[in-house]
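J.: Sharing a model that was predicted from the sequence below.
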Amino acid sequence: VQLQASGGGSVQAGDSLRLSCAVSGVALDAYAIGWFRQAPGQEREAVSCTSSRDGPTYYAAAVKGRFTISRDYVADAVILQMNDLKPDDTGTYYCATSCTGRPYDYWGQGTQVTVSS
């Protein structure tokens, strides 16, 4: 099983980014897929999660209404659409095969998001 996160970049506040977590080696529906982020000097935090094809989704309070998570069955990827980005959204974004981010989950390599004011 491999996860590959991509789509990060440096943007201005109010801009949008679309992160992709490409899943290979297993069916896209085999796992819940979560997005997490870690800012310098801070602990990793959960951002959003899709539990299954038709199951519930989760959003951290700080991103609710601005971020949308979805599954792309053509690309075998989980997409995190991030709108109205804020400087506090800056960090390295990771995807993993759970909604809680356990050490033994499969993890993507991370993609950097930098939002300037």
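T.: Happy to help now that I have it.
J.: all strands for the protein, in order.
T.: With DSSP state E, the ranges of strands along the chain come out as 2-6, 9-12, 17-24, 33-38, 45-50, 57-59, 67-72, 77-82, 91-96, 111-116.
J.: between the ones you listed, which gets nearest to Tyr104?
T.: Judged by CB to CB, the one of the strands of the chain that comes nearest to Tyr104 is strand 91-96, at 10.0 Å. No exception for glycine: its C-beta is placed from N, CA and C like everyone else's.
J.: tell me which residues of that closest one are tucked away?
T.: The neighbour-count check on strand 91-96 (16 or more other CB atoms under 10 Å) flags 91-96 as buried.
J.: And the pLDDT for the nearest residue to Gly14 once chain neighbours are set aside?
T.: Once flanking residues are discounted, Gly14 sits nearest to Asp84: 5.9 Å by CB to CB, 6 or more residues apart in numbering. Per-residue pLDDT puts Asp84 at 98.
J.: residue contacts, Asp84?
T.: 14, 16, 66 (CB atoms under 8 Å, 6 or more residues apart in numbering).
J.: Dump the residues you listed to a markdown table, plus neighbour count and distance to Ile33.
T.: Compiled in a markdown table, these are given as follows (neighbours: other CB atoms under 10 Å; distance: CB to CB, whole Å):
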| residue | neighbour count | distance to Ile33 |
| --- | --- | --- |
| Gly14 | 11 | 27 |
| Ser16 | 12 | 20 |
| Arg66 | 15 | 19 |
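J.: Tabulate the residues you listed in TSV, adding columns for pLDDT and distance to Trp107.
T.: What follows is those, written out as TSV (pLDDT from 0 to 100; distance: CB to CB, whole Å):
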residue	pLDDT	distance to Trp107
Gly14	98	30
Ser16	98	25
Arg66	98	24
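J.: what's the closest of the residues you listed to Ala77?
T.: Nearest to Ala77 among the contacts of Asp84 is Ser16, at 17.3 Å by CB to CB.
J.: Hmm, Ala5 is touching Tyr106, no?
T.: No. Counting by CB atoms under 8 Å, Ala5 stays clear of Tyr106, with 11.6 Å between them.
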